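Q: what's the 3D shape of this:
(one chain, ligands or ions: 1)
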Amino acid sequence: MTLLTSADCLKKYGSPESEKAMTLWDVPKELEIGVIPKRLYCNRDMIKPLSVAFQNLIKTGLIKELKTFDGCFNIRRKKGGSTPSLHSWGVAIDVNAAWNGFDKKPILSAGFVKCFSDAGFDWGGHWATPDGMHFQLKKEGIA
Ligand SMILES: [Zn+2]
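A: Numbers count the residues shown, from 1 in each chain. So this is what the prediction gives:
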């Protein structure tokens with residue numbers, strides 16, 4: 001599995017500071033789900049996969065597992081790293097951070113994770129140093 005990298009994002013979107021690909025997404029009424037902002041500042045390439053992920057959560061009833069929205073766009077370095085976080089381009093979203101901390105064993109259910117992976121996201125919970133709150137666009141998601 002090849003993950004999307006900050007180099008890929010830099011190449012496609014330019015510097016994070018330019019916010020070139022960022023957009024204020026008016027989340028459609030039928031996809032408004034409690035803790036997610038009604039207007040979400042995110043990368044335009046996130047709109048379609050996020051819509052599918054939200055639909056999957058609603059369809060499966062797993063929406064009840066979504067407790068908190070913990071950010072999308074944030075220009076910063078990767079946790080424990082020196083390269084920019086994909087949040088710098090708004091192509092990642094953090095949820096349920098309080099229970100799925102960096103380098104902690106994630107407690108999101110497999111079904112919940114599947115709602116996102118089926119929609120085009122890679123989950124940080126599988127990584128050597130787990131980041132269970134973190135979902136990021138698959139590499140092909142920005143092609
Ligand atoms: Zn994250």
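
Q: okay, CA-based contacts and neighbour counts for the rest of this
A: OK.

Q: please identify the residues of this protein in proximity to the ion?
A: Residues of the chain lying close to the ion (Cα under 5 Å from the ion) are D94, H134.

Q: specify the local secondary structure of the residue nearest the centre of the chain.
A: Centroid-nearest residue in the chain, with Cα atoms, centre = their mean: I93, separated by 2.6 Å. Under DSSP: H, G, I helix; E, B strand; the rest coil, I93 falls in the strand class.

Q: got a list of what D70 touches?
A: I93, D94, V95, N96, A97 (Cα atoms under 8 Å, 6 or more residues apart in numbering).

Q: the fourth one and K67, how far apart?
A: In this structure, N96 and K67 are separated by 6 Å, where distance is defined by Cα to Cα, to the nearest Å.

Q: who's more crowded, the two?
A: Counted by other Cα atoms under 10 Å, N96 and K67 do not tie: N96 has more neighbours, with 19 against 15.

Q: isn't that one right up against K64?
A: No: between N96 and K64 there is no contact under Cα atoms under 8 Å: 11.5 Å.

Q: of the contacts of D70, closest to the ion?
A: D94 (4.7 Å; Cα to the ion).

Q: show me what that closest one bridges to in the sheet.
A: In this entry, D94 is beta-bridged to H134, by DSSP bridges.

Q: that one contacts L137, doesn't it?
A: No: the criterion here is Cα under 8 Å, and D94 misses it with L137 at 12.0 Å.

Q: neighbour count winner among those two?
A: Applying other Cα under 10 Å to D94 and L137 shows that L137 carries more neighbours, namely 26 against 20.

Q: the more buried one and H87, how far apart?
A: 10 Å.

Q: in contact with F116, which residues?
A: L50, V52, A53, N56, D122, W123, F135.

Q: and it, what are its phi and psi?
A: phi -80, psi -40 (degrees, to the nearest 10).
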